[in-house]
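Enquirer: sequence unavailable; structure follows:
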Ligand code: 13P
């Protein structure tokens with residue numbers, strides 16, 4: 001059985017006290033979420049230790065939004081996978097389209113980041129997804145395939161078994177424009193088929209999350225799709241009630 005996951009990517013939002021409060025609210029509401037749905041929150045680096053305390057004992061997973069592509073050393077401003085694991089972070093978002101677009105993250109860098117994260121026992125949440133012009137040109141399958149082949153196909157099956165995939169069409173992120181459930185299901189099934197081409201039956205065990213304007217009002221329909229195993233939530237994860245309502249949509 002694939003894990004059902006609802007992960008909140010806070011991006012660059014909330015001060016530390018605000019983040020502590022939000023994490024506490026999510027932890028307080030966790031009992032309203034169906035058993036078997038894993039909640040994960042991804043605050044900024046500065047918040048991780050405080051948020052860890054705020055969610056202690058709740059079963060909520062703690063996730064970072066990035067890690068360095070080097071192990072350690074003279075890389076001013078970077079945070080390593082080892083540093084994250086030293087504050088008990090369990091997951092790390094890698095390859096988010098905002099990082100690909102604004103910070104020049106290449107496939108080569110992402111391979112290094114994923115390897116370093118896995119070495120430290122972190123589970124990467126690896127993001128893929130096409131831009132609007134790529135979808136309009138009918139190239140979405142091709143784009144997502146290359147994001148998968150060039151990065152995830154470098155992993156061993158054992159490494160791959162610890163990766164979560166998130167499909168986030170760039171045109172749906174923060175725009176209020178969600179992929180329809182049939183658009184999302186179509187590409188999720190395609191991603192699973194691509195993974196199966198390399199990893200065989202393991203592809204059935206990999207959780208593939210949908211991200212992009214996922215809200216309480218559309219989560220139920222999306223999560224009902226066979227190959228959608230949960231969501232990676234941006235804006236709606238900044239309000240505890242909305243985030244929890246999405247997690248109750250299973
Ligand atoms: P929104 O839910 O705000 O569209 O963001 C999605 C996202 O980028 C999550 O990583």
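Expert: Alright, I've got the coordinates. Keep in mind the model is a prediction, meaning the values are calculated, not measured.
Enquirer: contacts, neighbours, all on C-alpha from now
Expert: OK.
Enquirer: what number of residues lie near residue 182?
Expert: Neighbours of residue 182 under the rule other Cα atoms under 10 Å: 12.
Enquirer: for the record, mean pLDDT for the helix or strand harbouring it?
Expert: Per DSSP states H and E, residue 182 falls inside helix 181-199. If you average the pLDDT over helix 181-199, you get 97.
Enquirer: pull the distance from that helix to the chain's centre.
Expert: 16 Å (Cα atoms, centre = their mean, to the nearest Å).
Enquirer: ok, and for it, which residues are buried?
Expert: For helix 181-199, the neighbour count (16 or more other Cα atoms under 10 Å) marks 181, 184-195, 198-199 as buried.
Enquirer: which strands and helices lie in contact with that helix?
Expert: helix 140-149, helix 216-223 (3 or more Cα pairs under 8 Å, 6 or more residues apart in numbering; DSSP states H and E).
Enquirer: give me the buried positions along the helix or strand of the chain with the lowest mean pLDDT.
Expert: Here the helix or strand of the chain ranked lowest by mean pLDDT, DSSP states H and E is helix 132-136, holding a mean of 94. Within helix 132-136, the residues that qualify as buried are 134, 135, counting by 16+ other Cα under 10 Å.
Enquirer: distance of the residue nearest to residue 89 when sequence neighbours are not counted from the ligand?
Expert: Excluding the flanking residues, the one nearest residue 89 by Cα to Cα, 6 or more residues apart in numbering is residue 62, at 5.2 Å. Per Cα to the nearest ligand atom, to the nearest Å, residue 62 is found 15 Å from the ligand.
Enquirer: how deep is residue 101 tucked in, by neighbour count?
Expert: When neighbours are defined as other Cα under 10 Å, residue 101 has 11 of them.
Enquirer: how far does the least confident helix or strand of the chain sit from its chain's centre?
Expert: Worked out by Cα atoms, centre = their mean, helix 132-136 lies 22 Å from the chain centre.
Enquirer: helices and strands around that helix, which ones?
Expert: Partner elements for helix 132-136 (3+ Cα pairs under 8 Å, 6+ apart): none found.
Enquirer: hmm, who's touching it?
Expert: 140, 143, 169, 170, 171 (Cα atoms under 8 Å, 6 or more residues apart in numbering).
Enquirer: if we can go back for a sec, of the buried residues of helix 181-199, closest to the ligand?
Expert: Nearest to the ligand among these: residue 184, at 13.9 Å, using Cα to the nearest ligand atom.
Enquirer: spit out the contact partners of that closest one.
Expert: By Cα under 8 Å, 6+ apart, the neighbours of residue 184 are 210, 222, 228.
Enquirer: distance of it relative to residue 57?
Expert: Residue 184 sits 34 Å away from residue 57, going by Cα to Cα, to the nearest Å.
Enquirer: per-residue pLDDT, residue 174?
Expert: Value for residue 174, per-residue pLDDT: 88.
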